[in-house]
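A.B. asks: Sharing a model prediction with you, sequence too.
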Amino acid sequence: MTTLNDGWFTEVFQNEGTAFSLKVRSKLHEEQSEFQKLEIYDTETFGNLMVLDGCVMLTTRDNFLYHEMMTHPALFTHKDPRKVVIIGGGDCGTLKEVLKHPGVEEAWQVEIDERVTRLSEKYFPELCESNGDPRANFFFGDGVQWMRDIEPNSVDLIIIDSTDPVGPAEGLFALDFYRDCMLALKEGGIVVQQSESPLLHAETIIRDIHQDMKKAGLAHVVTLPFPQPVYPTGWWSCTMGSKSNPLHYFREEDAAERPFVTRYYNEAIHRGALAQPQFMKDALED
């Protein structure tokens with residue numbers, strides 16, 4: 001549930017008894033696409049704000065935390081990622097981070113709602129800087145079906161940059177979808193899924209992701225927490241599943257000597273994110 005009172009945008013998490021607010025200057029855009037309601041606000045301190053179906057998606061100020069952690073840990077864990085598929089990610093921030101890696105030869109962004117990308121190009125142009133990169137490919141349609149149809153053993157890394165597991169994104173948190181991802185991955189391939197708040201969802205959504213990835217045949221699964229101020233509790237996570245190789249080892253030297261700028265990610269952040277809080281270890285024990 002969301003409200004807009006006295007210049008404050010508030011997202012209320014009714015079931016959790018919490019809320020998050022940002023002071024806004026104006027509403028820049030509102031429309032109902034074929035799939036969802038999209039709103040863009042100008043906030044006083046967090047830049048532009050994108051809201052989908054009443055849920056905060058990203059702001060100018062803090063989106064780098066999410067986009068860097070959804071990409072660089074997995075890319076530096078894989079031995080040689082060349083073909084990357086992003087399911088969702090219509091704001092193009094994840095695509096931008098993926099294409100910072102010079103070894104990536106081909107990246108696909110598979111987004112169901114083209115309007116998210118078009119509005120991002122207008123209101124978040126800094127996230128769309130790499131859209132013209134010759135390695136970037138776009139498909140606007142059903143990501144679940146796209147993964148079902150892809151050639152087996154053809155992808156090095158799959159990033160599931162989805163909204164919450166409701167509505168259009170519900171099928172991206174399903175066992176059958178992970179099985180399709182497993183078939184699409186080459187040997188040594190990795191899938192990474194945005195996996196909600198550790199504080200709220202360790203014993204539900206995150207545990208289900210671990211169990212379903214393992215049922216799908218992914219041999220190793222680990223969840224990496226990271227800060228995300230505009231999401232519920234301010235603490236978020238991504239979960240990586242590997243087809244064959246352990247996930248607690250990564251190319252630390254390459255991460256330390258990365259030939260591009262990051263604002264949050266570095267080799268120490270990566271190493272630290274692999275350390276699991278005790279309550280998560282307890283919740284995720286088989």
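C.D. replies: Looks like it arrived, so ask away.
A.B. asks: which residues sit against the helix or strand harbouring residue 192?
C.D. replies: Applying DSSP states H and E as the criterion places residue 192 in strand 185-194. Strand 185-194 has contacts (CB atoms under 8 Å, 6 or more residues apart in numbering) with 66, 70, 73-74, 77-79, 81, 153-162, 172-173, 178, 181-182, 209, 213, 218, 236-245, 247. To be clear about C-beta, it is placed using only N, CA and C from the backbone, and glycine gets the same treatment.
A.B. asks: Give me the buried subset of these.
C.D. replies: Under a neighbour-count criterion of 16 or more other CB atoms under 10 Å, the subset of the contacts of strand 185-194 counted as buried comprises 66, 70, 73-74, 77-78, 81, 155-162, 172-173, 178, 181-182, 209, 213, 218, 236-243, 247.
A.B. asks: Show the pLDDT at residue 163.
C.D. replies: Residue 163 is assigned a pLDDT of 59 by the prediction.
A.B. asks: In strands only, show me the buried ones among the contacts of strand 185-194.
C.D. replies: Of these, the ones assigned to strands by DSSP state E are 155-161, 236-242.
A.B. asks: Just name the closest of those to residue 33, please.
C.D. replies: Minimum separation from residue 33 among those (CB to CB) is found for residue 161, which lies at 17.8 Å.
A.B. asks: give the contact list for the closest one.
C.D. replies: Contact criterion CB under 8 Å, 6+ apart gives 70, 86, 87, 88, 89, 94, 194 as the residues in contact with residue 161.
A.B. asks: Same list, these, but as CSV with pLDDT, distance to residue 146 and secondary structure please.
C.D. replies: Conversion of the contacts of residue 161 to CSV gives the following (pLDDT from 0 to 100; distance: CB to CB, whole Å; DSSP: H, G, I helix; E, B strand; the rest coil):
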residue, pLDDT, distance to residue 146, secondary structure
70, 98, 19, helix
86, 97, 11, strand
87, 96, 8, strand
88, 95, 11, strand
89, 96, 13, coil
94, 98, 16, helix
194, 94, 18, strand
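A.B. asks: will you turn the residues you listed into TSV that also has distance to residue 270?
C.D. replies: TSV is the format used below for these (distance: CB to CB, whole Å):
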residue	distance to residue 270
70	13
86	20
87	23
88	23
89	20
94	17
194	17
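A.B. asks: Please identify the buried residues of whichever helix or strand comes after the strand holding residue 192?
C.D. replies: Following strand 185-194 in sequence order, the next helix or strand is helix 198-201 (DSSP H and E). By neighbour count, with 16+ other CB under 10 Å as the criterion, the buried positions of helix 198-201 are 198, 199, 200, 201.
A.B. asks: Okay, the residue lying closest to residue 137 once chain neighbours are set aside and residue 73: tell me how far apart.
C.D. replies: Here the nearest residue to residue 137 in space, its sequence neighbours aside, is residue 108; by CB to CB, 6 or more residues apart in numbering that works out to 4.7 Å. According to CB to CB, to the nearest Å, residue 108 and residue 73 sit 20 Å apart.
A.B. asks: One more: residue 27?
C.D. replies: If you go by CB to CB, the gap between residue 27 and residue 73 works out to 35 Å.
A.B. asks: Tell me which helix or strand comes right after whichever strand or helix holds residue 50.
C.D. replies: Taking DSSP H and E as the definition, one finds residue 50 inside strand 48-52. Using DSSP H and E, the helix or strand that directly follows strand 48-52 along the chain is strand 55-59.
A.B. asks: what packs against the strand holding residue 50?
C.D. replies: The contact analysis (3 or more CB pairs under 8 Å, 6 or more residues apart in numbering; DSSP states H and E) places strand 48-52 against strand 8-13, strand 18-32, strand 37-43, strand 55-59, helix 114-123.
A.B. asks: residues making contact with it?
C.D. replies: 2, 9, 11, 22, 24, 28, 36-43, 56-60, 91, 116, 119-120, 123-124, 163, 230.
A.B. asks: Give me the buried entries from those residues.
C.D. replies: Buried members of these, counted by 16+ other CB under 10 Å: 2, 9, 11, 22, 24, 28, 36, 38-41, 43, 56-60, 91, 116, 119-120, 123-124, 163, 230.
A.B. asks: The chain - how does it break down into domains?
C.D. replies: Domain assignment for the chain, taken from automatic domain parsing, gives 2-59, 63-284.
A.B. asks: Of those domains, flag the one that's most buried.
C.D. replies: Using mean count of other CB atoms under 10 Å, the stretch among the domains of the chain with the greatest mean number of neighbours is domain 63-284 (a mean of 19).
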